[in-house]
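Colleague: Make a model of this:
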Amino acid sequence: MKPKSTYIRRFGYLGLGILLSVIILYLLFLRPTPIKVGGFTSYTGENTIIFEAINKGFTDVKLLEVRVNKGNKPTRAELGVSYSLHLVGGGGLDEDPDIEFVDIQKQPLKPELTPDEKRAALNQGVRTPLNYGVRLYNETPIRQIEVKYTYWGITFTREMPMGRFFDSD
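Modeller: Below is the predicted model of the structure:
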């Protein structure tokens, strides 16, 4: 009877290992990207764009690089961090004391908070990042955006879905 239980135990460990591997594979590679786009704001003939970046993942997302129009480096790329419920989009962002723009690599995107967690953070009076946006400046109109980032220590590159925001050339 002893030899049989050893085989069953080994089979159980093998099955558990395969199950964990499948779950990790799904979470890291097959699950849709953690970065979602909440909306776009365009200025100066589409040469300046802000897109709301939302981290729907389980852990921080660190932005590494942003490219526009098929791999070109924009003139300037900044991460907007809002410490209020003001979204990083629209006008008046530079005048708002609760929104600051930093280099995209300076601060990670924290996972999105629930509405109750956002209210609690506001009530505590601690400067907790509540919303993020990426502001891009370019010499020509921006038609395509590609973001390179790390998630769970793995580097990914993703084209941001712009939908029907722009007329095609």
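Colleague: Give me the neighbour count for residue 84.
Modeller: Close neighbours of residue 84, defined as other CB atoms under 10 Å, add up to 15. In short, each C-beta sits where N, CA and C put it, glycine included.
Colleague: Looks like it contacts residue 118 (just checking).
Modeller: No: Residue 84 lies out of contact with residue 118 (CB atoms under 8 Å); the separation is 9.5 Å.
Colleague: between the two, what contacts are shared?
Modeller: residue 130 (CB atoms under 8 Å, 6 or more residues apart in numbering).
Colleague: Just give me the residue right at the centre of this structure.
Modeller: With distances taken as CA atoms, centre = their mean, the residue of the chain nearest its centroid is residue 35 (3.1 Å).
Colleague: just checking, it touches residue 147?
Modeller: Yes: using CB under 8 Å, residue 35 is in contact with residue 147, at 6.6 Å.
Colleague: hang on, the earlier thing: now for the residue nearest to the centre of the chain: which residues touch it?
Modeller: 53, 54, 55, 56, 57, 61, 109, 147, 149, 158, 160.
Colleague: Which pLDDT value belongs to it?
Modeller: With respect to pLDDT, residue 35 scores 89.
Colleague: what's the answer for residue 89, then?
Modeller: On pLDDT, residue 89 comes in at 84.
Colleague: residue contacts, the residue nearest to it when sequence neighbours are not counted?
Modeller: In space, residue 89 comes closest to residue 41 once its chain neighbours are excluded; the distance is 4.4 Å by CB to CB, 6 or more residues apart in numbering. Contact analysis of residue 41 by CB under 8 Å, 6+ apart lists 49, 50, 51, 89, 90.
Colleague: Can you flag the buried ones in those?
Modeller: 49, 50, 51, 89 (16 or more other CB atoms under 10 Å).
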